[in-house]
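*Asks:* structure of the sequence below:
(chains A and B)
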Amino acid sequence: MDTNQYLEMFLDESKEHLQACNEHLLELEKNPDDLAIVNEVFRSAHTLKGMSATMGYEDIADLTHKMENVLDAIRNSKISVTTEILDVVFKAVDYLEEMVFDIEAGGTGKKDVQQLVNALNQIEAGQAVTSSVEETAASIITIEPSKTNNASMLHYDDYEMTVISQSQEQGFNAFEVTIGLRQDCLLKAARVFMIFEILEKSGEIIKSKPNVEQLENEDFDEEFTVVLLTKEDAASLEAKVMKVSEVESVNVYPITDFSNSESNQSEEDTLTQVPAEKAKIESAKEEPSSNKSKRTTNSHNANKTIRVNIDRLDILMNLFEELVIDRGRLQSIASDLHNSDLNETVERMTRVSGDLQNIILNMRMIPVETVFNRFPKMVRQLARDLDKKVNLEITGAETELDRTVIDEIGDPLVHLIRNALDHGIETPAERKAKGKPEEGTVSLRAYHSGNHVFIELEDDGAGVNKERVLKKAIERGIVTEEIAETLTERQIAELILASGFSTAEKITDVSGRGVGLDVVKSTIESLGGYITIDSKEGQGSLFQVQLPLTLSIISVMLVNLNKDIYAIPLSSIIETAIIQTSDILNAHNQKVIDFRGSIVPLVDLKGIFEMDNLHQSEEYQSVVIVRKGDKLAGLVVDSFIGQQEIVLKSLGNYLQSVFAISGATILGNGQVALIVDCNSLIK
Amino acid sequence: MAEVNGAVDRKEMKVIIFQLMDKEYAIEVDVVEAIEKLLPITKVPKTPSYVKGVINLRGVVTPIVDLRERFGLEVKSLDDSSRIIIVSLDEFEVGLIVDAANDVIDIPVDSIEPQPEVVGAVESEFISGVAKIDKRLLVMLNLEKVLQPIKRMTSDEL
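*Replies:* Have a look, this model is predicted:
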């Protein structure tokens, strides 16, 4: 058997366990005395070790083993938790993550871990630590004594009996090992394979029930039994098998039915060993096992889930997009034909496909947690590097976003957080002088609102220094002095997002990497989102990022420009209006209108798109009021057509970045309509 | 075009022949996805004049380039014999408007010669060589050069 087919599972689980390690270590730092947390970390590390050893990644197994030793020492109160020790352990987890990612990228997962292993050894040796893997592993086993006296459950033929008795004469023990998998175990065959791999290292498997073929086809319930000839004792076998994930129980019974003196002997050995082992672990067992039972009940209550390859979801999405295009076509045919039966059917279909769309889109949604969960560790590390005290508060991590957005949003958020820590939060001394608590607070919030998801990053740091920002912006030629005087506070704060701007006076390696916040801004805008800053000097800043729920199907307003049809995303539209040409005012060669009390500049779309103006001097003009952040503009169009759900298509790589066009879509009649990018029309 | 030059080890190559004005041009058949009759074209504003717009090619939005304008030749309105040749390069697909697409033939690779200097004119940089088959002179196109991606022009900044 080849281990390749289990690689994906190994990677997924490793990442989960590493993430669990990270989270618990952070918790541990806050409550250094809570040994229950150490146990959690230990369990994750332990599983990881078992899996990586099975998969043949020795470096990972080595490093986790050393880490385990240190954790064990902590757990047994032989060393106490200090920041220095945690630093080394965090580093170890980092290394493990790197190795796992390397394996995922097709690498060997090898890495020079010697230095780190030495550091871990030092910590461990700082006190006399005796850690035994077997012992600790045994502590998470629930031994069921009632079953240990059960007689053999299998039927052996003559040949098998001869083999067993012969090997017993040679000093091997024969065991029936009954292994129970968790009910929610997904890939039973994989677990069986891992278990066989482990057992075959310790001895020889001569029989299994059900047979190997059935096991490979997952043709069994939760339990299976193998007969093993080995020189190892029952407890260590049990411990080894328990290392495999999703194994619920392991019971090892010595085979003594066809007894001779040797086998009696060995039986006695194991029988005396088992109670001894049991006594040793009884005390340690209590807490973990209660945890364990709690966890199993949790997983029983949880919804059943399956892992689906994202490619399949993408294919499903593409097919659905085709359907949406045809739905549009049907709607336009139906509205031409005025056949009530047809209309009714089309309406029904529209409703059903609407529901279908929601479901498909929901399937692609994943919680922002997957992005957020790497931040606590990052903030901790940064705060230590910068000698600042920072508390990161995360709320709304369960908020869901389309996977495509999630993939892209990580880097901009990292940038914003680095910025907040580096430039926002002051040093403890400065904070004290200002009468703030020494520890700065950074809050990261995510929430749904309408068709959008908002992610906010708020810090209680220094805020944006307006004078410095203005001075710099004028120096760099981003604004002129005249314009600078007219800017509002918010507009000044938003200057730090302009390209060619970077406020750090000295370049630090935290956020002064030569890439400014303008990259953040452009990434977010390329996702169809906005970023705004609200900052009060001395009190902190609030960065608000608004993101669309999904990128592939959007609602638009279709409009006419001459004979062409253009689409304006509904998310940018405030409202539509028809105004009298006489109401258009002129301000500095810029046409403006008075729209509900505020002056809104008009943008002549046909002029921008260099089209002939066929409808010049009409009495009335159709205007779509759009916004970007809190700025408004009125787009002058020939006429409104209506609202429609459309599928966003890219213009391809040949036409890169066409001005004011963010993409295209295919209309019901098969024609292509271009989508207006309102963001680039408003400065 | 790399494919054409890299085909030296083959004795013959299959090419599609199309017409612009009175000249015959050839592109290797491997890069051609389809040859279409005219489809409705949606104009894309603020692009070079030779980019005629985009079409809906079986659900894929495909840009269309008028080769006459690209080569600076006299512009002619489209008629029944006009064809769109869909070519697929590494990064993208583009449709080329040509006067007519005539046939597919095999040409011996060694009949391709570097372009003679006399060809001159704007289009010479788009040519990778010429092939003489019987009495026909086929101009081999360098598609990579003809179809440089369109980036936003600086004058487009508001």
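*Asks:* now the phi/psi pair for the residue nearest the centre of chain A, please.
*Replies:* In chain A, the centroid-proximal residue (C-alpha atoms, centre = their mean) is A:T370; its distance is 1.9 Å. Main-chain torsions, A:T370, degrees, to the nearest 10: phi -60, psi -30.
*Asks:* hang on, isn't it packed against A:I406?
*Replies:* Yes - counting by C-beta atoms under 8 Å, A:T370 touches A:I406, with 6.3 Å between them. C-beta coordinates here come from the backbone N, C-alpha and C atoms, glycine included.
*Asks:* roughly how far apart are B:G72 and A:V624?
*Replies:* Applying C-beta to C-beta, to the nearest Å, the value for B:G72 to A:V624 is 39 Å.
*Asks:* hang on, the earlier thing: list the residues that contact the residue nearest to the centre of chain A.
*Replies:* If you count contacts by C-beta atoms under 8 Å, 6 or more residues apart in numbering or on different chains, A:T370 has them with A:I406.
*Asks:* cutoff 10 Å now
*Replies:* Applying C-beta atoms under 10 Å, 6 or more residues apart in numbering or on different chains to A:T370 gives the contacts A:19, A:397, A:401, A:403, A:406-407, A:410.
*Asks:* got it, and A:T230?
*Replies:* Counted by C-beta under 10 Å, 6+ apart, A:T230 has contacts A:167, A:172-175, A:177, A:199-205, A:236-237, A:252.
*Asks:* and if we set it to 6 Å?
*Replies:* Neighbour list for A:T230: A:173, A:202-203 [criterion: C-beta atoms under 6 Å, 6 or more residues apart in numbering or on different chains].
*Asks:* same question for A:I198.
*Replies:* A:K240.
*Asks:* one more time with 8 Å, if that's ok
*Replies:* Contacts of A:I198 (C-beta under 8 Å, 6+ apart): A:54, A:240-241, A:243-244.
*Asks:* how about A:L542?
*Replies:* So A:L542 contacts A:456-458, A:533-535 (C-beta under 8 Å, 6+ apart).
*Asks:* need the residue closest to the centroid of chain B.
*Replies:* Nearest to chain B centroid, counting by C-alpha atoms, centre = their mean: B:L96, 5.6 Å.
*Asks:* and it, what helix or strand is that in?
*Replies:* strand B:93-98 (DSSP states H and E).
*Asks:* rewinding a little: just the closest of the contacts of A:L542 to chain B, please.
*Replies:* Using C-beta to the nearest C-beta, A:I533 is the member of these that sits closest to chain B, with 22.6 Å.
*Asks:* what is the neighbour count of the closest one?
*Replies:* Using other C-beta atoms under 10 Å in any protein chain shown, A:I533 is surrounded by 23 other residues.
*Asks:* show me how far the helix or strand encompassing it is from its chain's centre.
*Replies:* In the assignment (DSSP H and E), A:I533 maps to strand A:530-536. Put simply, strand A:530-536 sits 26 Å off its chain's centre (C-alpha atoms, centre = their mean, to the nearest Å).
*Asks:* what lines up beside that strand in the sheet?
*Replies:* strand A:540-548 (antiparallel) (DSSP bridges).
*Asks:* for the helix or strand that the strand it pairs with is followed by, buried residues please.
*Replies:* Using DSSP H and E, the helix or strand that follows strand A:540-548 in sequence is strand A:553-561. By neighbour count with 16 or more other C-beta atoms under 10 Å in any protein chain shown, strand A:553-561 contains the buried residues A:553-554, A:556-559, A:561.
*Asks:* which one of the contacts of A:T230 is nearest chain B?
*Replies:* A:S202 (53.6 Å).
*Asks:* tally up the residues packed near that closest one, please.
*Replies:* With other C-beta under 10 Å as criterion, A:S202 counts 17.
*Asks:* what ranges does chain B have for its strands?
*Replies:* Taking DSSP state E as the test, the strands found in chain B are B:12-20, B:23-28, B:32-36, B:51-57, B:60-66, B:83-88, B:93-98, B:100-108, B:112-113, B:127-133, B:136-141.
*Asks:* so what touches the fourth one?
*Replies:* What it means is strand B:51-57. Counting by C-beta under 8 Å, 6+ apart, A:651, A:655, A:664, A:666, A:670-672, A:674, B:34, B:36, B:39-44, B:61-66, B:84, B:86, B:93, B:95, B:97, B:150 sit against strand B:51-57.
*Asks:* Produce a ChimeraX select command limited to the buried residues of those residues.
*Replies:* The ChimeraX selection below is limited to those of the contacts of strand B:51-57 classed as buried (16+ other C-beta under 10 Å):
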select /A:651,655,664,666,671,672,674 /B:36,39,41,42,43,44,61,62,63,64,65,66,84,86,93,95,97,150
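*Asks:* rewinding a little: give me the more crowded residue out of B:G72 and A:V624.
*Replies:* Neighbour count, other C-beta under 10 Å: between B:G72 and A:V624, A:V624 has more, with 23 against 11.
*Asks:* check which helix or strand covers that one.
*Replies:* With DSSP H and E as the test, A:V624 turns up in strand A:620-628.
*Asks:* please see if that strand touches chain B.
*Replies:* No - Strand A:620-628 is not in contact with chain B by C-beta under 8 Å from any C-beta of the partner chain; minimum separation 13.2 Å.
*Asks:* strands paired with the helix or strand following that strand, and their directions?
*Replies:* Later in the chain than strand A:620-628, the nearest helix or strand by DSSP H and E is strand A:631-637. Strand A:631-637 has the following strand partners under DSSP bridges: strand A:598-604 (parallel), strand A:620-628 (antiparallel).
*Asks:* out of those strands, which is closest to B:S128?
*Replies:* strand A:598-604 (44.2 Å; C-beta to C-beta).
*Asks:* let's test this: mean pLDDT of the closest one, rounded?
*Replies:* For strand A:598-604, mean pLDDT rounds to 89.
*Asks:* for burial, what's the neighbour tally of the spatially closest residue to A:D460 that is not a sequence neighbour?
*Replies:* Using C-beta to C-beta, 6 or more residues apart in numbering or on different chains and skipping the chain neighbours, the partner closest in space to A:D460 is A:G540 (4.2 Å). When neighbours are counted by other C-beta under 10 Å, A:G540 registers 23.
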